[in-house]
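Novice: sequence first, then the predicted structure, then my questions.
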Amino acid sequence: MRVVAVTDETRAIYNNLAQAYEAEFSKLTQKQPLENGVFELDTNLDEAHVTGFICYVSGIPAGIAAVCSNASDDNEIAEFYIVPFYRKAKLGTQFAHALWHQRPGQWTIKQIAGANYATYFWLNAIDDLPCENLIEDQYEDDYWGIVTRQRFVCKG
């Protein structure tokens, strides 16, 4: 597995996988594609505090993540997607751990209502590292409404 930050040259790859992510979650988010068949993305990689990442397996893009950093040690996973072909092989956990090692400090992850499988994944990934000071709660997100949220510290 290789994790790289999105560049101008790899933005199209990120955007392609982001469309698959949006389609998969559309039942929960109630989002429809636009008239051109493309989903509007919730996270804008052009914002200074957002970094996109692509996870490659044997040169093939297998997943994406978008990380928002409000300070050098305060990070939030805003988007995270593993292509279904690569799931169940712990690739998602390895990808998450790579991100946490890359940016030690406080982390926040949120799951929208109905994404119980995502909550299960994140709790297992956090437990596998392990991280410190895990707090899980229900949180009123300005954009998504009530979400399940995990906050923890990873030392990298």
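Specialist: Cool, got the structure.

Novice: which elements pack onto the helix or strand containing Gly63?
Specialist: For Gly63, the enclosing helix or strand under DSSP states H and E is strand 60-71. Where contact means 3 or more Cβ pairs under 8 Å, 6 or more residues apart in numbering; DSSP states H and E, strand 60-71 is packed against helix 11-29, strand 50-57, strand 74-82, helix 91-102. All C-beta atoms are positioned from the backbone trio N, CA, C, and that covers glycine.

Novice: who's in contact with the second one?
Specialist: The one in question is strand 50-57. Applying Cβ atoms under 8 Å, 6 or more residues apart in numbering, the contact partners of strand 50-57 are 1-6, 10-11, 13-14, 17, 43-45, 61-69, 78, 82, 86, 91, 95, 98-99.

Novice: wait, Pro104 touches Ser72, no?
Specialist: No: taking contact to mean Cβ atoms under 8 Å, the distance of 9.5 Å between Pro104 and Ser72 leaves them out of contact.

Novice: mind checking which of the two has more residues around it?
Specialist: Neighbours per residue, other Cβ atoms under 10 Å: of Pro104 and Ser72, the larger number sits with Pro104, 14 against 9.

Novice: which residue comes closest to that one once chain neighbours are left out?
Specialist: The spatial neighbour of Pro104 that comes closest, neighbours along the chain excluded (Cβ to Cβ, 6 or more residues apart in numbering), is Gly156 at 3.1 Å.

Novice: quick one on the thing from earlier: and the helices and strands packed on strand 60-71 as JSON lines, adding mean neighbour count?
Specialist: Rendered in JSON lines, the data for the helices and strands packed on strand 60-71 read as follows (neighbours: other Cβ atoms under 10 Å):
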{"stretch": "helix 11-29", "mean neighbour count": "16"}
{"stretch": "strand 50-57", "mean neighbour count": "20"}
{"stretch": "strand 74-82", "mean neighbour count": "20"}
{"stretch": "helix 91-102", "mean neighbour count": "19"}
